[in-house]
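Participant: could you look at this predicted model? Sequence included:
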Number of protein chains: 2
Amino acid sequence: MTETPTVGVALVGCGTVGSAVARGLLSDRDLLRGRSGLDLELRHLVDKDFSRARQIGVDKAICRKTLDEALGDADTQIVVELVGGDTFAKQCVEHSLRAGKSVVTANKALLAKHGAELFALARANGVCIAFEGSCLGGVPVIGSLLNGLIANNVEALVGIVNGTCNYILTNMSRHGADYRAVLREAQQTGLAEMDPTLDVSGGDSAHKLAILAALAFGRRVDLETITVEGIESLQVEDIRFGDELGYVVKLLAIASRQGEAISLRVHPAFIRRDHPLARVDGPFNAVCIYGHVVGHTMTYGRGAGGPATASAVVADIVDVALGNAQRRFEHLGVWPDLCEPAKVVPNDDIRSRYYLHVTCADSPDVLAQIAHVLGAHDIGIASVLQHEPLTPGSQAVPLVITTYEAAEGNLTGALKEIDALPVTKRRTFFIRIVDEHPEPQF
Amino acid sequence: MTETPTVGVALVGCGTVGSAVARGLLSDRDLLRGRSGLDLELRHLVDKDFSRARQIGVDKAICRKTLDEALGDADTQIVVELVGGDTFAKQCVEHSLRAGKSVVTANKALLAKHGAELFALARANGVCIAFEGSCLGGVPVIGSLLNGLIANNVEALVGIVNGTCNYILTNMSRHGADYRAVLREAQQTGLAEMDPTLDVSGGDSAHKLAILAALAFGRRVDLETITVEGIESLQVEDIRFGDELGYVVKLLAIASRQGEAISLRVHPAFIRRDHPLARVDGPFNAVCIYGHVVGHTMTYGRGAGGPATASAVVADIVDVALGNAQRRFEHLGVWPDLCEPAKVVPNDDIRSRYYLHVTCADSPDVLAQIAHVLGAHDIGIASVLQHEPLTPGSQAVPLVITTYEAAEGNLTGALKEIDALPVTKRRTFFIRIVDEHPEPQF
């Protein structure tokens, strides 16, 4: 082996992830030297508040209030941006790239919104951006897309990419508890933010999907083109009815090829109990990638949290320091700044199976009326499950129907008519059913 | 982007995997150029029989009977060895390395037996060996160990790494069919070899474990130090009893840290139904890696077959062509030729929980006698399940016991005594119970 080269690192932001990275670089320095063959030296820690930095033993001499010193330091090759958000973080990344520093970041919002622009800036300055930590914490899914699966035309990518939502849905399913109660408990244990909107609305999942889909399909993905639905309106009774039918509810992020176009969406979905994603529980995340050569694959692990994300960030530092990230950045053809924009399937044309929960009068011809409307919109019924009223004595009966694959536009039309029927007592609730992607025939 | 460089490839062996690689390089040439930014040119195909090569349209002009032409070709940078075995394949790899060509191989037996020697030879010649296809077909687990998880001290690696065994066990479990019947069916459908010994004995799993454990722990692993048991003696009734207790049987390859040493073993094991590996069914494979920072991870996919393995081989060609494999080979500290030999936990000291199936007389004090022996060997009983005789009227009753964790040496001693008791009617059968590795406390 050649002599161990030293790599200078500047760390911006010492919050949950930043402090885990700092701790790793300091306390695991020998371990990292042994495994990577590189001496990773933390030379600058930039933040406003250093209380956390002091707790983990960061030398006061490397604590800075601004980025300037790091950018002027010829011995610092890599800036690690862990500020979050897309205002100061964006400036920080831009200044670093312009100063000729490569950037490692875990900032999914920043890359989902401004990825193409920042990649182009990095390219113009002969440096690169590495971002394994931006999706699924420590799970090396970006590495898989850029390395081990590079020979594949990706047919579909389906993932559980938000730990907060998955924790909430797992607990609603396991304990029959309702959304508000589980959310409150998740907030108390720190698994949900005090303002959980970005997570439970599906927004955070959409950020990750924008990043992953771009690399998987080699297309520029505009965040605004992703159809997004959150988990806020899910009812315990639907989770229970789904369970009776053999389904588990998950918030899925989906990108799949439909002809020349790509269908991009985040929404709650029923998946069969034997689907590989069905047992991804609690705060865990996983992504299934379906390639034209490799077939089905899945990668799984902790999707968030300081240590797990730090694992990815430190791996990225090594990858950048070796020059490997740079070579991939120069050669591969999948980078958003070099690719055509994705042709996105319009919402009405996205095809799926559906679970429908119609609340209707307990009269003999109800099913015939509803079946007639569905048939008129070219939607075939796969199963029907009629339950006794949820409240004893109620005249409103839950009628659960699963359908064969149909276009979303047809479903919307059918539901409008069903909800207008005199026998229908409440707005019909639906959940998309996602079957496992078919494997290629080898 | 810079101009697309051309990379010359020589392919040795055109069998199941070789022909899938050749087909990929030829029919996906444009796709691969787009994704990798490299033009991968198949310049030599070396084999004795070209019938398969002709079927997939390989130009006659590049078919060769020997390696010589490829080695003398300055425009060929990479030799892909897909011959299998460790005689001609070894020569082929050695000649290629000495000729200054980097090698891509999917040959697990070769690397498990001669990895350290071949890596040293590559190093001496300034080239490298890439081998993602040697373990778990197209699943990028080696890439994960060398890239995304490099910041981790790996605590344990537990995998289902042989598709034939997993297919057999899945079908025994699902259909209650016995080993011989399922094996015969697997042979008929091509999922088991006509001579299945290497697979069902656990030998093939041991090869893969030797390769993966070396990279995970940064230690040289001698294949002979791995404790190996196959699936041939598993009985349907034990699978059924395990099911009653909430367990699924899998052939596991395990490497785990025990103090300063590593426990290395391949054996059938019961895992709980909610273990992430429990739903890895049929020909699928998966590996769980437990890191000190990242916590639990799993990677999953088709563990064998031409196309899946070709996905990994072509990815390796890209990785070598970019120079990234070479840089990892020069810098990382985990290569077997540079590492200390693993200190291996002696068999008797490996700790596990156990499932015991004692066949005993139907008399009142049997349980007391057996519990006494176990207690004397420091083995605690976790559960007892006594069934009626398997054959009605038989005096031999199956007594199923699960234990708390104990050293294997203690178990061996206890079983010797139990089997010598007058009440014991048949040799006691045991299966190790493997719980999921505890996650680090962050």
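Facilitator: Perfect, I can see it now.
Participant: tell me what A:Leu298 is bridged to.
Facilitator: One correction, residue A:298 is Met, not Leu. Under the criterion DSSP bridges, A:Met298 forms beta bridges with A:Cys288, B:Tyr300.
Participant: quick check: it vs A:Val139, distance?
Facilitator: A:Met298 is 10 Å from A:Val139, where distance means Cβ to Cβ, to the nearest Å. From N, CA and C alone the C-beta is placed, and that goes for glycine too.
Participant: again, but for A:Thr359
Facilitator: Per Cβ to Cβ, A:Thr359 is found 40 Å from A:Val139.
Participant: what do you get for A:His207?
Facilitator: Distance of A:His207 to A:Val139, computed by Cβ to Cβ: 16 Å.
Participant: more crowded one of the two?
Facilitator: Neighbour totals were compared for A:His207 and A:Val139, and A:Val139 leads with 33 against 26 (other Cβ atoms under 10 Å in any protein chain shown).
Participant: give the contact list for that one.
Facilitator: When contacts are counted by Cβ atoms under 8 Å, 6 or more residues apart in numbering or on different chains, A:Val139 touches A:285-287, A:299-303, A:308, A:312, B:148, B:294, B:297.
Participant: show the pLDDT at it.
Facilitator: A:Val139 carries a pLDDT value of 96.
Participant: ditto for the one 4 residues further on
Facilitator: At A:Gly143 the predicted local distance difference test score is 97.
Participant: cool, and the one 5 residues further on?
Facilitator: A:Gly148 is assigned a predicted lDDT (pLDDT) of 97.
Participant: same question, the one 5 residues further on
Facilitator: Note for A:Asn153: predicted pLDDT of 96.
Participant: and what of A:Ser363?
Facilitator: Looking at A:Ser363, the pLDDT reads 84.
Participant: contacts only, for the closest residue to it other than its chain neighbours.
Facilitator: Leaving aside its chain neighbours, A:Ser363 sits nearest to A:Val423 (6.3 Å; criterion: Cβ to Cβ, 6 or more residues apart in numbering or on different chains). Counting by Cβ under 8 Å, 6+ apart, A:Val423 touches A:360-361, A:363, A:366, A:369.
Participant: tell me which stretches of the stretch 151-300 of chain A form strands.
Facilitator: Secondary structure of the stretch 151-300 of chain A, counting by DSSP state E, counting those that start in this stretch: strands at A:154-160, A:227-228, A:247-258, A:261-272, A:284-291, A:295-302.
Participant: let me know which of these is the nearest to A:Lys65.
Facilitator: strand A:295-302 (32.4 Å; Cβ to Cβ).
Participant: next SSE downstream of that closest one?
Facilitator: Scanning forward in sequence from strand A:295-302 by DSSP states H and E, the next helix or strand is helix A:306-322.
Participant: mean confidence (pLDDT) on the helix or strand following that next one, please.
Facilitator: Using DSSP H and E, the helix or strand that directly follows helix A:306-322 along the chain is helix A:324-331. Average pLDDT, helix A:324-331: 98.
Participant: and chain B, is helix A:324-331 touching that?
Facilitator: Yes - Helix A:324-331 is in contact with chain B by Cβ under 8 Å from any Cβ of the partner chain, via A:324, A:327-328, A:330-331.
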